[in-house]
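Asks: Give me a 3D structure for the following:
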Amino acid sequence: MIAVIMAGGSGTRFWPQSRKDHPKQFLKIAGDRSMIQLTVDRLLPLIPIARIYIVTAADQAALVAEHLPELPPDNIIIEPFGMNTAACIALSLQYLKPLYGEDTTMLVLPADHVIQDTKAFHNSLKKAHQAARGGALITFGIVPDYPATGYGYIEAGSQVEPGVFRVLKFKEKPDLKTASSFIEQGGFYWNSGMFCWSLAAISDAFQTHLPQAFEICAKIGKIWQEQGRSADVSELYRQVPRLPIDIGIMEKAELRYVIPVQIGWSDVGSFKALAEINPADSEGNASNSEIMAIDSRDNFVQSSKFTALIGVDNLCIIETEDAMLITTKDRAEEVKLIVEKLHQAQRDDLL
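Replies: Numbers count the residues shown, from 1 in each chain. Now for the predicted structure:
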């Protein structure tokens, strides 16, 4: 098995901590190591560093090398710029096929997720490795513990082998009523954005469902082989359809399986999600610094200063050297709207 870690995101929902030159995957928000370091650490017992690859945008390649000095330089697959997950997987495929051949199993993971149960995670990878040998495209479904409206869902069908099920449908992010009905029915799982397949299977899937992406990235792969990876392929890469792999491939593929997992997973998609994985006091207040709270509950504070709370509930208070964010947890995902306004105002100093 080889692993491809997707690390090209901008992390706009983590402003003001996440910035253009230091996005979410390079932040230490879930421990003493950055998110990308923790993702690699989690894989090393099963997959050696020589078979771990990071795909990232050109402007983040130096950060990858800085955070992962043990990673061979040739294991950084550089996109000219971010183009969504289908494009970065198609590009990685063309880079890896000449190195490994089509029978190799390829694991695809985001760089910025939290997984707390490493043993269960490893067991699921072993199961996926075996299931992928039959030519199926494998996804990992998170067993839901509440009717979340912020995730897409996977509807599972018949069991093909122990712990592996056919995928009936991918469902878009539902409203609360629909999400509640999914939980009541059972057989629905959160879409984790983690995948496993053989290089042959994903290559065939691209040629069938996203031939333009396959052909353009095949041209880029040939240019890299002939001219080296410093060749400018930006104009070619710009022509690749800008789609997530779920919509471009997984929703259309015929042979696709889901492995339900309980691995202590979070995509840490907002400060509210980050608050949920941090230890809190008896009133639900969590902080990385000293706080004093009076009549205040379920707040999340990240600051270098002593913080006093009086009569406030359900807030996220995030302080950096040059900015402060204050929002309710329920609206924490709207931080990306602030980033949009800062772009419009040309406040590059805050981006």
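
Asks: Could you chop the chain up by domain?
Replies: Partitioning the chain according to automatic domain parsing yields domains covering residues 2-266, 271-350.

Asks: Where does pLDDT dip in this structure?
Replies: Within the chain, no range satisfies pLDDT under 70.

Asks: Quick check: beta-bridge partners of the spatially most central residue of it?
Replies: For the chain, the residue lying nearest the average C-alpha position, counting by C-alpha atoms, centre = their mean, turns out to be Pro110 (3.0 Å). Bridge pairing for Pro110 (DSSP bridges) gives the partners Met6.

Asks: got a list of what it touches?
Replies: When the contact criterion is C-beta atoms under 8 Å, 6 or more residues apart in numbering, the partners of Pro110 are 5-7, 9, 39, 193-194, 267. Every C-beta, even on glycine, is put in place using the N, C-alpha and C of the backbone.

Asks: What about these, which one has the most neighbours?
Replies: Comparing those by number of neighbours (other C-beta atoms under 10 Å), Ala7 comes first, having 29 neighbours.

Asks: Return the residues in contact with Thr320.
Replies: Contacts for Thr320 were tallied using C-beta under 8 Å, 6+ apart; they are 16-17.

Asks: cool, Ser34 as well?
Replies: By C-beta under 8 Å, 6+ apart, the contact set of Ser34 is 25-28, 67.

Asks: Then Pro241?
Replies: Shown here is Pro241, whose contacts under the criterion C-beta under 8 Å, 6+ apart are 86-87, 210, 212-213, 248.

Asks: again, 10 Å this time
Replies: Taking C-beta atoms under 10 Å, 6 or more residues apart in numbering as the contact definition, Pro241 lies against 83-84, 86-87, 90, 210, 212-213, 216, 247-248.

Asks: Remind me which helix or strand Ile202 belongs to.
Replies: According to DSSP states H and E, Ile202 maps onto helix 199-209.

Asks: quick check, distance from that helix to the centre of its chain.
Replies: A distance of 22 Å separates the centroid of the chain from that of helix 199-209, by C-alpha atoms, centre = their mean, to the nearest Å.

Asks: ranges for the strands of the stretch 101-250 of the chain?
Replies: In chain order, the stretch 101-250 of the chain shows strands spanning 105-110, 114-115, 137-142, 153-161, 164-171, 188-198, with DSSP state E, counting those that start in this stretch as the criterion.

Asks: Which among the contacts of Pro241 count as buried?
Replies: When neighbours are counted using 16 or more other C-beta atoms under 10 Å, the contacts of Pro241 contain these buried positions: 83-84, 86-87, 90, 210, 213, 216, 247-248.

Asks: Can you tell me which of the contacts of Pro110 is nearest Asp330?
Replies: Compare each of these with Asp330 using C-beta to C-beta and the shortest gap goes to Asp267, at 17.4 Å.

Asks: Quick check: that closest one touching Leu109?
Replies: No. Asp267 is beyond contact range of Leu109, at 11.3 Å (criterion: C-beta atoms under 10 Å).

Asks: Now the common contact residues for these two.
Replies: Common neighbours of Asp267 and Leu109, counting by C-beta under 10 Å, 6+ apart, are 192-193.

Asks: What helices and strands are in contact with the helix holding Ile202?
Replies: Applying 3 or more C-beta pairs under 10 Å, 6 or more residues apart in numbering; DSSP states H and E, one finds that helix 199-209 contacts helix 84-100, strand 105-110, helix 118-132, strand 137-142, strand 188-198, helix 211-227, helix 245.

Asks: any chance of those in JSON lines, plus distance to Thr328?
Replies: As requested, the helices and strands packed on helix 199-209 are exported to JSON lines (distance: least, C-beta to C-beta, whole Å):
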{"stretch": "helix 84-100", "distance to Thr328": "30"}
{"stretch": "strand 105-110", "distance to Thr328": "26"}
{"stretch": "helix 118-132", "distance to Thr328": "32"}
{"stretch": "strand 137-142", "distance to Thr328": "25"}
{"stretch": "strand 188-198", "distance to Thr328": "23"}
{"stretch": "helix 211-227", "distance to Thr328": "40"}
{"stretch": "helix 245", "distance to Thr328": "33"}
